[in-house]
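Chemist: quick one, what's the 3D model for this:
(chains A and B)
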Protein chains: 2
Amino acid sequence: MTFSVTILGSNSATPVTGRFPTAQVINHLDRIFLADCGEGTQIQLNKYNIRLGKINHIFISHLHGDHFYGLIGLVTTFHLFRREQPLFIYGPAGIREIIEVQLKASQTTLVYPLHIHVVDTENVSSVYEDEYLTVSTIPMKHRIPTCGYLFREKPRPRKMKPEIIDKLNIPLALIPKLKSGQDFTDENGVLYKNEQITIDPAPPRTYAFCSDTAYQVSTADIVANADLLYHEATFMNDRIDMAHKKFHSTTVEAATLAKAARVRKLIIGHYSARYDDLQPLLEEAKTVFQETYLAVEGAVFNV
Amino acid sequence: MTFSVTILGSNSATPVTGRFPTAQVINHLDRIFLADCGEGTQIQLNKYNIRLGKINHIFISHLHGDHFYGLIGLVTTFHLFRREQPLFIYGPAGIREIIEVQLKASQTTLVYPLHIHVVDTENVSSVYEDEYLTVSTIPMKHRIPTCGYLFREKPRPRKMKPEIIDKLNIPLALIPKLKSGQDFTDENGVLYKNEQITIDPAPPRTYAFCSDTAYQVSTADIVANADLLYHEATFMNDRIDMAHKKFHSTTVEAATLAKAARVRKLIIGHYSARYDDLQPLLEEAKTVFQETYLAVEGAVFNV
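Modeler: As a prediction, this is how the structure comes out:
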């Protein structure tokens, strides 16, 4: 039951050798979702052997270049690879024009359907839903319209107790109903309450991707109890003034949010170019929230 | 008297691990010019220690993504680095809109002056000139408006013969005129013809950058006698039909053009993703033009 996050880029906008701008792969049951798509994302996808054909949905947090300059390259590569299935891109207003103007310049008519959905960055709003997963926006507090994305598994059906089907001679056709919570009456008229015949499924898991944002306590409610939270930490806390001025967060702020939201694990990233050594950022965050990890290119986190 | 070309990207559009899309650094007397700017150009500039502050002029051949998707990232990085001097971009119509729409989306007002010049891709036309160098377009034959660029040194002043200044007691103020070809009469009224007191300067050097193009013989006149010619060779000659269909060239066609133009050296590049091993392309080109070299990331060629 895969649900993992692979870091493709850990850096903020000013380039640093060896670090890439923000991009993440979310693998849920072998479906690949992208969160942000900075320049060179396709280089990183290639490096970490992510199969392009499995990417159908790309979520862009905002239109600062370090979060989307790699998108048009990926859109074009899908075209060159003669992709057939539709691609869905979600992001703030303006994203459609950026893609269209570049395709127009190269006189490219994509060979696959491209659907661009402009998202509401101001409110929590559902942007994607399938049988197993929902994705909704997380309003962020940044210099331009920005949202994070909350990847939340749907509750799974209950599980039948081992051997109960044979023991009570339950017709197979009834099982989906029982898994969804119905009681069962056997052929002798004996009633079995649902909790007598089923057990709890694994709890649904949640990943919260909080890209560029100033610290805002309201986010804690939205991402409450997430299994994994990515929260940007561009600066260490001695530069909190700079962070506030630029609508970014510090290590301590990211960790404070993780603690307030009672998440299980925190990943920090989007490091300022001033930090070569990231250990001090990790250590500072851990003083507030022990279960903190560094976003590093290629790192994989299970949700 | 540096005049060199560094290959940042040797690949065509479909991504290949370890190869980057087209971008080249032209260093003339320690001024840095860029020819094309595919995705990841700034990663490559960083890797090869090219100082961003020395880049003032960027020439874009055409608006297929593998030749310009790295431009907006570089424009933005200059902004983040608080560049002050103006940046000049030259390219086909459409390039201004592509940059402006992306800057608008991020609400970025650049801190430095950006000048975008739309070039005439249909005719040889001068696009840049300074004290030492001219750059003009080379019309290419491609699917969308495309031009190469011809970097040509201006003729240098003649050189004074060693020790002639002391021997003839030539006033220093006269020397620039003598270097420009004037004769000299000494204090006794003796006339010295210019060729008696000066020697020929080094001949002006020329680099021709011929990006994506079908083979066209007319290019040979424009790049005639170039010291160094880059000409795309997307395919080997067994795929000449494919090359023609896609308005690209083969190894043999690139070499044939180099031969017809009597250039000194040829670089081939813009390889199709189908070629892992580039040696066969080199060998095939050499059957027509011996002085052929492979564009490889990081390779430096003196003009």
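Chemist: outline the domain layout of chain A.
Modeler: Taking automatic domain parsing as the criterion, chain A consists of the domains A:3-156+A:202-302, A:159-199.
Chemist: worst average pLDDT in these?
Modeler: For those, mean pLDDT drops lowest on domain A:159-199, to a mean of 92.
Chemist: distance from the chain centre to that one, please.
Modeler: Distance of domain A:159-199 from the chain centroid (Cα atoms, centre = their mean, to the nearest Å) equals 36 Å.
Chemist: could you dump stretch A:288-299 to CSV, C-alpha only?
Modeler: Taking Å, rounded to 0.1, in the frame of the first residue of the first chain, the C-alpha atoms of stretch A:288-299 are listed here in CSV:
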residue,chain,number,x,y,z
VAL,A,288,10.8,22.2,18.9
PHE,A,289,9.7,19.0,17.0
GLN,A,290,11.8,15.9,17.4
GLU,A,291,10.5,14.0,14.4
THR,A,292,11.9,16.5,11.8
TYR,A,293,13.7,15.4,8.6
LEU,A,294,15.6,17.3,6.0
ALA,A,295,14.4,17.4,2.4
VAL,A,296,17.4,16.2,0.4
GLU,A,297,17.3,15.4,-3.4
GLY,A,298,16.5,11.7,-3.8
ALA,A,299,15.2,11.2,-0.2
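Chemist: which parts of the stretch 1-150 of chain A sit against chain B?
Modeler: Within the stretch 1-150 of chain A, the positions near chain B by Cβ under 8 Å from any Cβ of the partner chain are A:13-15, A:17, A:39-40, A:42-43, A:46-47, A:63-66, A:69-70, A:72-73, A:76-77, A:80-81, A:94-95, A:97-98, A:101-102, A:104-107, A:143-144. Using the backbone N, CA and C atoms, a C-beta is placed for each residue, glycine as well.
Chemist: I'd guessed residue A:155 sits against residue A:201; true?
Modeler: Yes. Using Cβ atoms under 8 Å, residue A:155 is in contact with residue A:201, at 7.1 Å.
Chemist: mind listing which of the residues of the stretch 1-150 of chain A next to chain B are in helices?
Modeler: Using DSSP state H, the members of the residues of the stretch 1-150 of chain A next to chain B that fall in helices are A:42-43, A:46-47, A:72-73, A:76-77, A:80, A:95, A:97-98, A:101-102, A:104-105.
Chemist: of these, buried ones?
Modeler: Among these, the ones that count as buried by 16 or more other Cβ atoms under 10 Å in any protein chain shown are A:42-43, A:46, A:72-73, A:76-77, A:80, A:95, A:98, A:101-102, A:105.
Chemist: which ones are touching the residue lying closest to residue A:212 once chain neighbours are set aside?
Modeler: Excluding its sequence neighbours, the residue lying closest to residue A:212 (Cβ to Cβ, 6 or more residues apart in numbering or on different chains) is residue A:142, at 4.9 Å. If a contact means Cβ atoms under 8 Å, 6 or more residues apart in numbering or on different chains, then residue A:142 has A:62, A:212, A:213, A:214, A:247 as its contacts.
Chemist: what strand or helix carries the nearest residue to residue A:288 once chain neighbours are set aside?
Modeler: For residue A:288, ignoring the flanking residues on the chain, the nearest one in space by Cβ to Cβ, 6+ apart is residue A:255 at 3.6 Å. Element membership for residue A:255, per DSSP states H and E: helix A:251-260.
Chemist: report all helices and strands that that helix contacts.
Modeler: In terms of contacts (3 or more Cβ pairs under 8 Å, 6 or more residues apart in numbering or on different chains; DSSP states H and E), helix A:251-260 is packed against helix A:218-222, strand A:228-232, helix A:240-245, strand A:265-269, helix A:279-286, strand A:292-294.
Chemist: just the buried positions in the longest one, please.
Modeler: So that's helix A:279-286. So for helix A:279-286, counting by 16+ other Cβ under 10 Å, buried means A:281, A:284, A:285.
Chemist: mind putting those residues into a markdown table with distance to residue B:170?
Modeler: Conversion of the buried residues of helix A:279-286 to a markdown table gives the following (distance: Cβ to Cβ, whole Å):
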| residue | distance to residue B:170 |
| --- | --- |
| A:281 | 67 |
| A:284 | 71 |
| A:285 | 73 |
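Chemist: now tabulate those in TSV and tack on distance to chain B.
Modeler: Shown next, in TSV, are the buried residues of helix A:279-286 (distance: Cβ to the nearest Cβ, whole Å):
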residue	distance to chain B
A:281	20
A:284	24
A:285	25
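Chemist: any idea which of those residues is the one closest to residue B:297?
Modeler: Set against residue B:297, the nearest of the buried residues of helix A:279-286 by Cβ to Cβ is residue A:281 (32.3 Å).
Chemist: residues contacting the residue nearest to that closest one when sequence neighbours are not counted?
Modeler: Sequence neighbours aside, residue A:251 is the residue nearest to residue A:281 in space, at 5.0 Å (criterion: Cβ to Cβ, 6+ apart). Contact analysis of residue A:251 by Cβ under 8 Å, 6+ apart lists A:233, A:235, A:236, A:237, A:268, A:281, A:282, A:284, A:285.
Chemist: swap the cut-off to 10 Å and go again
Modeler: Residues in contact with residue A:251 (Cβ atoms under 10 Å, 6 or more residues apart in numbering or on different chains) are A:231, A:233-237, A:239-240, A:243, A:268, A:271, A:278, A:280-289, A:292.
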